[in-house]
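K.L.:
A predicted structure for the sequence below; I have some questions about it.
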Amino acid sequence: MRFLIDNALSPLLAQSLRQAGHDAIHVREYNLQAANDDVILDRAETEGRTLISADTDFGTILAMRDSAFPSVILFRRGTPRSAERQAALLLSNLATIEPLLQQGVIAVFERQRIRVRNLPISRGGGAAP
């Protein structure tokens, strides 16, 4: 899969995902660490990447845009803070959520569960199966 890692997360997450065989890049590698969220979402969409972040603003922006892409993965509530553990958590669940990510979703990783919301949000994008 192709991922864009937001500045809220460590560049080591991109490195761990690359080591697992994925095409992952951190916004710092594009010199976008100070870019606003719209620019980051545009870059992810243009390159066909799933955005990975801890910033909940991306869901709001996607709802306002009425966008189905890019998909976003959010690390929230009690998820690991180290890049290695975040990568392990993502990789251990990727086979399950990858088909959904390809359809356009926001996947929220929490301590005990993963919540998935279909995009676009404004068109009844309820929870995915």
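P.N.:
That came in fine, so what should we check first?
K.L.:
Which strand or helix spans residue 15?
P.N.:
According to DSSP states H and E, residue 15 maps onto helix 11-19.
K.L.:
centre of the chain versus the helix or strand just after that helix, how much separation?
P.N.:
Tracing the chain C-terminally past helix 11-19 and defining elements by DSSP H and E, one meets strand 23-26 next. The gap between the average C-alpha position of strand 23-26 and the chain average comes to 11 Å, counting by CA atoms, centre = their mean, to the nearest Å.
K.L.:
Strands of the chain, start to end?
P.N.:
Assignment of strands within the chain using DSSP state E yields the ranges 2-5, 23-26, 50-53, 72-75, 105-109, 114-118.
K.L.:
In this structure residue 69 contacts residue 104, no?
P.N.:
Yes: with contact defined as CB atoms under 8 Å, residue 69 reaches residue 104; the gap is 5.0 Å. From N, CA and C alone the C-beta is placed, and that goes for glycine too.
K.L.:
Tell me which residues of the top helix by length along the chain come out buried.
P.N.:
Here the longest helix in the chain is taken by residue count, with DSSP state H as the criterion, and it is helix 83-103. Neighbour counts over helix 83-103 (16 or more other CB atoms under 10 Å) mark 83, 86, 87, 90, 97, 100, 101 as buried.
K.L.:
Looking at these, which is nearest residue 42?
P.N.:
Within the buried residues of helix 83-103, the smallest distance to residue 42 is 18.0 Å, found for residue 101 (CB to CB).
K.L.:
Would you mind confirming that that closest one makes contact with residue 69?
P.N.:
No: proximity of residue 101 to residue 69 does not meet the contact threshold set by CB under 8 Å, at 9.8 Å.
K.L.:
closest one to residue 38 among the strands of the chain?
P.N.:
Closest approach to residue 38 among the strands of the chain is made by strand 50-53 (11.9 Å; CB to CB).
K.L.:
Give me the packing partners of that closest one, helices and strands only.
P.N.:
Judged by 3 or more CB pairs under 8 Å, 6 or more residues apart in numbering; DSSP states H and E, strand 50-53 is in contact with strand 2-5, helix 37-47, strand 72-75.
K.L.:
any chance of these in a markdown table, plus mean pLDDT, distance to residue 54 and mean neighbour count?
P.N.:
Written out in a markdown table, the entries for these read as follows (pLDDT from 0 to 100; distance: least, CB to CB, whole Å; neighbours: other CB atoms under 10 Å):
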| stretch | mean pLDDT | distance to residue 54 | mean neighbour count |
| --- | --- | --- | --- |
| strand 2-5 | 98 | 10 | 24 |
| helix 37-47 | 96 | 12 | 17 |
| strand 72-75 | 96 | 5 | 25 |
